[in-house]
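Participant: Quick check, what structure comes out for this input:
(one chain, ligands or ions: 1)
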Amino acid sequence: MRIVWSKVLLFAACLIPVAMLAWDVWRALAGDLEALGADPGEAIVHRLGEWGIRLLLATLSVSSIARLVKRPGLIRYRRMVGLFAFAYVAMHFAAYFGILAGAELAALLADLGKRPYIIAGGGALLILLPLALTSTRAAQRRLKKNWRRLHRLVYLAAALAVLHIAWLAKVSYVDAYIYGAFTLLLLGERVYHWMRSKQRARQAT
Ligand code: HEM
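Facilitator: Residues are numbered from 1 along each chain as shown. As a prediction, this is how the structure comes out:
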């Protein structure tokens, strides 16, 4: 019962950023110029992207935190956070396409040539899509060992997302450095854990 409630709370928490954005869109539509700033379209794309990368890194953190605090049960929350990360990135893309590209495929294709950072972001989105689609237990059973291999690609998605953010940075690289350092830290922890498990397995034989 406690698990159900904690999942409900986590679900509600993950909805807060989009609910706050919806509120600001409502205020902007009502004429409040402060709600989304001078360029509301850019602000919407930006905020959804920010939450996309934050939740993506939060998803990667779950297993490291579970190991650190020795609470393997925390893993049960990873799928929900990961699906929300995908949802925010998908909304980020939809907002970019609908607002900044004017829902025109030609504009998207022209942007791919003009703004290479969109290729990096698009690559990350294309990797996250099959991961979201195979996040069910049934897919996990069906794919067996390949499921783990496939889901390791989440690190590549995170690296591409960081590249996307660094590439489009205009004024400061601070965000890109923070997200990049965090991704490397989590990857390092994962490699360390993998090496230790291998060493233990060798010692046991
Ligand atoms: C995992 C995938 C992605 C993540 C995590 C992500 C994240 C972000 C973040 C955090 C920003 C704001 C960066 C800053 O200004 O400091 C941003 C901006 C942007 N992203 Fe993405 N993005 C992703 C994929 C995409 C895709 C697929 C597209 C379009 C095809 C896209 C288009 C843009 C554009 C146009 C901006 C600039 C918005 C502006 O002018 O401020 N992104 N993205």
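
Participant: Give the burial count for residue 46, as a bare number.
Facilitator: When neighbours are counted by other CB atoms under 10 Å, residue 46 registers 17. For every residue, glycine as well, the C-beta is placed using N, CA and C.

Participant: Does at least one residue of the helix or strand where it lies sit close to the ligand?
Facilitator: Using DSSP states H and E, the secondary-structure element containing residue 46 is helix 40-68. Yes: for a cut-off given as CB under 6 Å from any ligand atom, helix 40-68 has contacts with the ligand, namely 42, 45-46, 49-50, 52-53, 56.

Participant: immediately after that helix, which helix or strand?
Facilitator: Where DSSP H and E defines the elements, the next helix or strand beyond helix 40-68 is helix 78-95.

Participant: now that next one, how far from the centre of its chain.
Facilitator: In terms of CA atoms, centre = their mean, to the nearest Å, the centre of helix 78-95 is found 6 Å from the chain centre.

Participant: helices or strands next to that helix in the packing?
Facilitator: Based on contacts counted as 3 or more CB pairs under 8 Å, 6 or more residues apart in numbering; DSSP states H and E, the elements that helix 78-95 packs against are helix 2-29, helix 40-68, helix 117-133.

Participant: So which bits of the last one are buried?
Facilitator: Using 16 or more other CB atoms under 10 Å as the burial criterion, the residues of helix 117-133 that qualify are 118-125, 127-128, 131-132.

Participant: from these, which are also near the ligand?
Facilitator: The subset of the buried residues of helix 117-133 lying close to the ligand, counting by CB under 6 Å from any ligand atom, consists of 118, 121-122, 124-125, 128.

Participant: pLDDT for the residues you listed - can I get that in a markdown table?
Facilitator: Conversion of these to a markdown table gives the following (pLDDT from 0 to 100):
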| residue | pLDDT |
| --- | --- |
| 118 | 96 |
| 121 | 98 |
| 122 | 97 |
| 124 | 98 |
| 125 | 98 |
| 128 | 98 |
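
Participant: of all those, which comes closest to residue 69?
Facilitator: Residue 69 has its nearest neighbour among these in residue 128, at 26.7 Å by CB to CB.

Participant: could you dump the helices and strands packed on helix 78-95 to JSON lines with distance to residue 74?
Facilitator: Output for these, formatted as JSON lines (distance: least, CB to CB, whole Å):
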{"stretch": "helix 2-29", "distance to residue 74": "10"}
{"stretch": "helix 40-68", "distance to residue 74": "4"}
{"stretch": "helix 117-133", "distance to residue 74": "19"}
